[in-house]
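In: here's my sequence, what's the structure:
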Amino acid sequence: MKNKGFIQVITLLLLLASIYQLSFTFITNGVENDAERVATLKYPSEDQTNLRDSFEKEYLDSMRGVDVYNLGIGSFTYSECLERELNLGLDLQGGMNVTLEVATPDIIDALSNESDNKEYREAFEKAKEEYLGQRNFVDVFAENYKEVAPEGQLASIFYSRELEDYLPNKFNSTNEEIYEYLKIETESAIDRAFEIISTRIDKFGVAQPNIQRLENGRILVELPGVDDPSRVRKILQGAAELQFWFMYPLNDAYEHLSNVNKIVYSLEKPAGDSAAAENTGLSSSLDGGLTSTESEESTDSTEEGSLTGSLESTDSLDQPDSTKSQEQLQAENPVLSKFTPNIDQENNTWRPNGILGYVQETDKDDFDKWFNLPEVKDALPVDIHFKWSFKPIDEAGTIWALYALKSNKDGDPALEGDVITDARPSRQANGELSVSMTMNQEGAKTWRLITAQAASANPKEAIAIVLDNQVYSAPTVNGEIPNGMSVIEGNYTQNEAEDLANILKAGKLPAPARITGESTVGPTLGAKAIASGQTSLIIGFLLVIVFMIFYYGKAGIYADIALLVNLLLIVGVLAGYGAALTLPGMAGLVLTIGMAVDANVLVFERIREEFKNGKSFKMAVRDGYKGAYSSIIDANITTAIAGIILLVLGKGPVMGFAVILVIGIASSLFTSIFLTRLFIERDIDKGRETTFYTNFSKNIFQSFNWNFIGKRKIFYIVSGLIITAGIISLSTKGLSRGVDFDGGWSYTIQVDDASVGEIRNALNSGLGQEANNQVKTYGGDGQYRVTTTYMINSTDKEAAENVQAKVIESLSDFKVSTDDILSSDKVGPTIAEDIKNRSTIAIIVALIGIFLYIIGRFRKWGFGLGATVALFHDVLIVFSLYSILDGILPFSLDIDQAFIAAILTVVGYSINDTVVVFDRVREFLALNKHESDLGAVINDAINQTLSRTMITSLTTLLVIVILFVAGGEGLKDFTFALLIGVAVGTYSSVCIATPIVVDFLKSRKKK
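Out: Just a heads-up that it's a prediction; the model follows:
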């Protein structure tokens, strides 16, 4: 062996680099263990859990700038160590994964100034319906516009004086130039959205967040350790559109609300009801009305304070007609009967806090519907705008405040919030938390004029501070504010104040960002996944180690050492690369252990053959390695093809699996080809022999000679029957498609003392059967996987909270609470379509890539045909068994991203096995060129490699079985697909692929 010294140096450097990368993980674990120990000593009682957790967090925060790792040549703080430690995926440590989609259609429509051009509007609406996030929205719009208006010109719709640099031809610009401009603008807006979201997350204070820009306006955000999904959704989706508005005089605003009441009644009153809205009793003025007052303090402790004092308005209200019954009044006043004016009953005056009145949570949607009626919009003045408080004003969360805001003649607020330069939490004199803001010079000048105008009014007026169309406060202005300072009050919690300040500092999004996919894993489920993964990893590793020593003796010990180094290198590279170790990634690690044995087995079996041929130890080792190289390289390249495709097209945990697979292939090649040979060459140099068998394994598979080729028709029939049964099942029963493919909400829920049927009936009753509610057991201990499509198409920012609340409400009879939701996932329609497309492309590209490689490597169509047919055969059988066995086995068999990863792994493993057999077939054909019986030659080649095929399959199946049994419920369906696939792949490489080569070559020979 040449270059031994160089290989030793490289091995040592790689080991040192891996140990260095992993050392940061040991350091951070030590600091965190210290924090837990100190917190437990300070708060030892079980009822002090919250205090203990809070103290532990504060302790770790205080350590962020402290040097905790000194290497002599330099030191690292705890925060720097955190950045370098081995990342755990969200499925292992808990946290939240969110896919945001920037609303590119909204950007396009804004650039057109929401044009009412008929052709534009028709093409735009059609494009919105067709757009599923698979392509650039501008391309979809262009296709529809060309169809709607073949001769239409978009320049007149999109051109403005500010665009001369983009469109030098002005109104003569071609549609293609307009489309290019729109793409530039949408990309710029998406870039700004990415930067703003990144800034918000940076200020959120999460360790090791991962933010990635994806294709077609999507942004991936991974937040490990997050346990408040609702808070994250608000931070990510908030547009941060801050505005300052004048308040509408409350008496006038109430009169306009009364007009809304009349219009709604006239639209909704039963046919034949002749009662006029104006005679309902609530529209007549109260004699004397309400008297004007001035107050220096707010009388509503649940709502707004003041900037420098307070303001109030005076109005008159209507008294109900006492001659009518309560039911009649409610029927004739659909709006006002659900509205409580903000009146001080003692003084019969408006309370001085800017609120027009209050509405129950259950009626809020009705008011939104009424305010958006065309008849109502036409009747209301252009300068009045009804808006809600940013949160309910009562502790129960059931009452919302309604405000009436006044705009200028163009419908705009008094001041936009882009003048804010800084925002920070602050505490007011009454001890409540608020957010203080500072404006730039231009903003301060305008703010001075606005506050002077409000303070000089009689009575003094209020200024409403509005964020994302919700009123955060409406304080009274007692005097001019000259310095550009302002305060948003609202009785915030610490988190609310910090989040609001961070959102304001980061700036507003250029377009709405909607959550189209999300996954939340609770820390309990994450800890359980870690325990299961570690157990399966340790057991699988130990079993492979024992088996290799038991079967190969001293050579097995060398292979085990190489396996240990291989494992260390993989994890070290993973830490250095910054990739996260996910649950499927841990499965990939266990699978890599099994597959890493393959190269050593190939070499060891080849050396044993050379011994049988009478060669010396030194010559047998040299020729054994030489003869095995081509098989090792071919097998690993074909597996790498599947891994790289997964790496490119996979997402989330699947990508974690792909990273491990690809790193593992490279690492396994190095350790098996070079490291084990270093040990063997060391024995040669010292005059010692390495044993490659034990007394038990010496004669196993050595005299085996089975007629595989002669029995090939039997194999064809068996496979044909299974595939036929599968096709029948697929066409009648179908597949259980997971939420990844169908879209929807998925929850892992702890429900005690309930059956699948009872839970499903409760969900159907609460969510409706049309929501496609599905319930499956998820392991033991009363855990269930619930999926539903309820509100999956909703664009409401609070849809996630509303759906979860509805699920919990539906299961209230089983005493289910928020704490029983162990994990949750959302896959929106656009994400589901994307996953289906990517999965289909992945399988097709993998098959084509492997087919082309086999043809190029073996130079014969027959080999390519045999390999490809065998791969289709393996994939079909896995799909068939998934359809046939679904509902029979005690665990779910869903088709999702993890299943596709398993299929591609099976494809890679199967072709790995097939290539080894083909390589020996090619060798035997070259040695027997004049042999007329091709079947006999190829059958000898199969029997010659049978020991390698069986041993590799057994070791791989061994670790997969361990994964299946001990890997936890999250890996059950994934490992079951691997289990079937590896078994079928081993069978097909011997019994399907090679016999097809025989039949193909024989038919060519006859021709």
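
In: what kind of secondary structure is Gly479 in?
Out: Classification of Gly479 by DSSP: H, G, I helix; E, B strand; the rest coil places it in coil.

In: just Leu132 next, same as before
Out: Assigned by three-state DSSP, the conformation of Leu132 is coil.

In: would you mind confirming that it is in contact with Pro829?
Out: Yes - between Leu132 and Pro829 a contact is recorded at 6.8 Å, counting by CB atoms under 8 Å. No exception for glycine: its C-beta is placed from N, CA and C like everyone else's.

In: max-length helix in this protein?
Out: Ranked by residue count under DSSP state H, the longest helix found in the chain is helix 4-42.

In: pretty sure Leu15 sits against Val565.
Out: Yes - assessed by CB under 8 Å, Leu15 is found in contact with Val565 at 6.7 Å.

In: okay, the two: which has more neighbours?
Out: Val565 (19 against 14; other CB atoms under 10 Å).

In: doesn't the more buried one belong to a helix?
Out: Yes - assessed by three-state DSSP, Val565 belongs to a helix.

In: once you drop chain neighbours, what's closest to it?
Out: Sequence neighbours aside, Thr671 is the residue nearest to Val565 in space, at 5.4 Å (criterion: CB to CB, 6 or more residues apart in numbering).

In: roughly how far does the one you found sit from Ile749?
Out: According to CB to CB, to the nearest Å, Thr671 stands 44 Å off from Ile749.

In: kindly report the same for Lys126.
Out: With distances taken as CB to CB, Lys126 is found 40 Å from Ile749.

In: the two: which has the busier surroundings?
Out: Taking other CB under 10 Å, Lys126 and Ile749 do not tie; Ile749 has more neighbours (23 against 17).

In: what sits up against the one helix or strand that one maps to?
Out: In the assignment (DSSP states H and E), Ile749 maps to strand 744-750. Strand 744-750 has contacts (CB atoms under 8 Å, 6 or more residues apart in numbering) with 525, 738-739, 772, 778, 781-790, 792, 800, 803-804, 807, 811, 816, 820-827.

In: show the average pLDDT along that strand.
Out: On average, the pLDDT along strand 744-750 is 87.

In: how about stretch 200-208?
Out: In the prediction, stretch 200-208 has an average pLDDT of 70.

In: rewinding a little: list the strands paired with the strand holding Ile749, with their directions.
Out: Strand pairing for strand 744-750, using DSSP bridges, gives strand 783-788 (antiparallel), strand 821-827 (antiparallel).

In: switch the ones you listed over to a markdown table; also include mean neighbour count, distance to Ala513 and mean pLDDT.
Out: Compiled in a markdown table, these are given as follows (neighbours: other CB atoms under 10 Å; distance: least, CB to CB, whole Å; pLDDT from 0 to 100):
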| stretch | mean neighbour count | distance to Ala513 | mean pLDDT |
| --- | --- | --- | --- |
| strand 783-788 | 23 | 24 | 86 |
| strand 821-827 | 22 | 15 | 82 |
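
In: out of these, which is closest to Ile996?
Out: Ranking the strands paired with strand 744-750 by proximity to Ile996 (CB to CB) places strand 821-827 first, at 39.0 Å.

In: run the chain-centre distance for the closest one.
Out: Centre-to-centre, strand 821-827 and its host chain are 10 Å apart (CA atoms, centre = their mean, to the nearest Å).

In: also stretch 390-403?
Out: With CA atoms, centre = their mean as the basis, stretch 390-403 stands 32 Å off its chain's centre.

In: just stretch 231-250 next, same as before
Out: The answer for stretch 231-250 is 27 Å, by CA atoms, centre = their mean.

In: give me the buried positions along it.
Out: Neighbour-count burial for stretch 231-250, counted by 16 or more other CB atoms under 10 Å, picks out 232-250.

In: quick check: buried residues in the strand holding Ile749?
Out: 744-750.

In: quick check: of the residues you listed, which lies closest to Asn600?
Out: Of all the buried residues of strand 744-750, Thr748 has the smallest distance to Asn600: 39.8 Å, by CB to CB.
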